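*Asks:* Make a model of this:
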Amino acid sequence: MQILLAFIAGAVIGLAIHYLAPHRETRGVAVGPIIGAASAGLAWLLLTWAGVGIDSVWPWLAAIIVPAAVTWPALVVLSRLRIQGDARRKAGLRLI
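*Replies:* Next up, the predicted model:
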């Protein structure tokens, strides 16, 4: 049940990173929270499967650090890909 706290923390961190990362107009507002929640939940899941209990600090730290470390680069790459794709489509349609 505590994994829900990891999902919520990851979503909040992902939402904050969405607004801090550049070119936020090139992606949907839900992309950051989804990436953050998924990465926090996956980190929590892997640590609990590895035998680390919830009484340890590691799952809690992972639920905060992993989404911050994963979401920022993912959003930057997605934004860059969107900008490049839009430029290719405009060039293909001769709108530039």
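*Asks:* where do the helices sit along the chain?
*Replies:* For the chain, the helices defined by DSSP state H occupy 3-20, 31-49, 58-92.
*Asks:* Tell me what angle the longest one forms with helix 31-49.
*Replies:* So that's helix 58-92. Counting by axes from the mean of the first three to the mean of the last three CA atoms, to 10 degrees, helix 58-92 lies at 140 degrees to helix 31-49.
*Asks:* by contact count, what packs against helix 58-92?
*Replies:* helix 3-20, helix 31-49 (3 or more CB pairs under 8 Å, 6 or more residues apart in numbering; DSSP states H and E). Bear in mind the C-beta positions are built from the backbone N, C-alpha and C, glycine included.
*Asks:* Check the shortest one too.
*Replies:* The contact analysis (3+ CB pairs under 8 Å, 6+ apart) places helix 3-20 against helix 31-49, helix 58-92.
*Asks:* Report the rounded mean pLDDT for that helix.
*Replies:* Per-residue pLDDT over helix 3-20 has a mean of 96.
*Asks:* Number the residues from 42 up from this point.
*Replies:* Happy to do that; since the first residue is 42 now, the last one works out to helix 44-61.
*Asks:* for the nearest residue to Leu83 once chain neighbours are set aside, what are its contacts?
*Replies:* Closest residue in space to Leu83, ignoring its immediate chain neighbours: Val107 at 7.7 Å, by CB to CB, 6 or more residues apart in numbering. With contact taken as CB atoms under 8 Å, 6 or more residues apart in numbering, Val107 is in contact with 51, 80-81, 83-84.
*Asks:* try 6 Å this time
*Replies:* 80-81, 84 (CB atoms under 6 Å, 6 or more residues apart in numbering).
*Asks:* can you redo the residues you listed as TSV with neighbour count and pLDDT?
*Replies:* What follows is these, written out as TSV (neighbours: other CB atoms under 10 Å; pLDDT from 0 to 100):
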residue	neighbour count	pLDDT
Ser80	24	98
Ala81	31	97
Ala84	23	97
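*Asks:* which one of the helices and strands packed on helix 99-133 is the most hemmed in?
*Replies:* helix 72-90 (a mean of 21; mean count of other CB atoms under 10 Å).
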